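S.K.: Kindly generate the corresponding structure for this input.
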Amino acid sequence: MKTDVVDRLEAVGAAAWDRLVAGSRLRSPFLTWPWQREWTRAFAADRRLEVRRVEDAEGRVVALLPLHEVEPGVLTLLGGADISDYLDLIALAGREEEAWMALLQSRAAERVVWDLHAVPGRSPTVTLLPQLAAACGLSASVTVEERCPVLILPSSWDAYLASLSGKHRHELARKMRRLEREAPEARATCASHPADVENRLGDFFDLHRRSRVGKARFMDVRMEAFFRRVTTALGEHGGARLWFLDTASGPIASFITLEWDDTVGLYNSGFHPDRAALSPGVVLLGHLIRDAIGRGKRRFDFLRGEERYKYEFEPVTEEVCAVRIQ
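M.R.: Numbering: from 1, shown residues only. The predicted model follows:
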């Protein structure tokens, strides 16, 4: 195995990058070329990049470790753990251990720290790295950062409802009935084609900023530009959808969902605070889960964060970890 380092994403190229993501275990949208490119453009244009490549004996790239410097001597994964829910080494499935060994051996003499965040707990990066690092004279520590609530979806909406506890099944039905009674014209709508997504992003940003003060601060001009570019880019390949609960007076709730493999991920949200009594976010979320089941998806991933409303749908939790190598 041979490693080298390049300082630009373009030195790898979009096609080669996404072929590697497609052959990996994770295949998360946060690792794809559109996401990594747009994130770097928006948030790391002035930072030093280190994209470490691993090639096998036949000269094929089997892994990429895309890093950027956050302070002298400390590098972390491209993508930013504040807005990218799953990050990791991008490696062909089954080649992770040998790729990590090559990377660790190549940097053993370097006096730097790799501080990796948002790594799924089931990843070989979490399960194997402490032992591999020790074999190279390094140390690797793993800590749990957050937990992601995840639904394993059954084959039908009725089967999902039957799986809920009586309390949560009753509450979901009650909220749906109340919305139907007080806003009978309300409809769940979905924008999935790139042009439709682009046309309705303004409605999403309006609801997102209305939701609460913290969200309004988060969605500054730079963040909005990033969201616009990356959502449209992912939408071109069926990787992003924009959902609304529309009423006669305008939308009252919205979600951005990201899709990969057999998974729908709940990425970001907004709702109209004046209509909070109608629980529009919970009602719309019910429509999203029902739609995912109807399209044969197997997982509904609420992504990072353990907000209370997510647990009304009775998910299980999966760990997301930080791995520090020094």
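S.K.: residue nearest the centroid of the chain?
M.R.: residue 85 (3.9 Å; CA atoms, centre = their mean).
S.K.: now that residue, nearest residue through space, not along the chain?
M.R.: residue 303 (4.3 Å; CB to CB, 6 or more residues apart in numbering). The C-beta positions use only the backbone N, C-alpha and C, and glycine is treated the same way.
S.K.: The stretch 1-150 of the chain: strands as residue ranges?
M.R.: Using DSSP state E, counting those that start in this stretch, the strands found in the stretch 1-150 of the chain span residues 2-6, 49-55, 61-71, 74-77, 90-91, 113-120, 140-152.
S.K.: For the shortest one, name the packing helices and strands.
M.R.: Using 3 or more CB pairs under 8 Å, 6 or more residues apart in numbering; DSSP states H and E as the contact test, the elements touching strand 90-91 are helix 14-22, strand 61-71.
S.K.: in the first one, what counts as buried?
M.R.: To tie it back to what came earlier, the one meant is helix 14-22. 17, 18, 20, 21 (16 or more other CB atoms under 10 Å).
S.K.: tell me the angle of it relative to strand 49-55?
M.R.: For helix 14-22 against strand 49-55, the angle by axes from the mean of the first three to the mean of the last three CA atoms, to 10 degrees is 70 degrees.
S.K.: circling back: quick one, what contacts the residue nearest to the centre of the chain?
M.R.: By CB atoms under 8 Å, 6 or more residues apart in numbering, the contact list for residue 85 reads 28, 30, 118, 148, 265, 267, 303, 304, 320.
S.K.: where does residue 7 fall, phi/psi-wise?
M.R.: phi -110, psi 10 (degrees, to the nearest 10).
S.K.: wait, isn't it in contact with residue 47?
M.R.: No - with contact defined as CB atoms under 8 Å, residue 7 and residue 47 do not form a contacting pair (10.4 Å).
S.K.: Let me know whether my guess that the residue nearest to residue 85 is in a strand holds.
M.R.: No - counting by DSSP: H, G, I helix; E, B strand; the rest coil, residue 303 is not part of a strand but coil.
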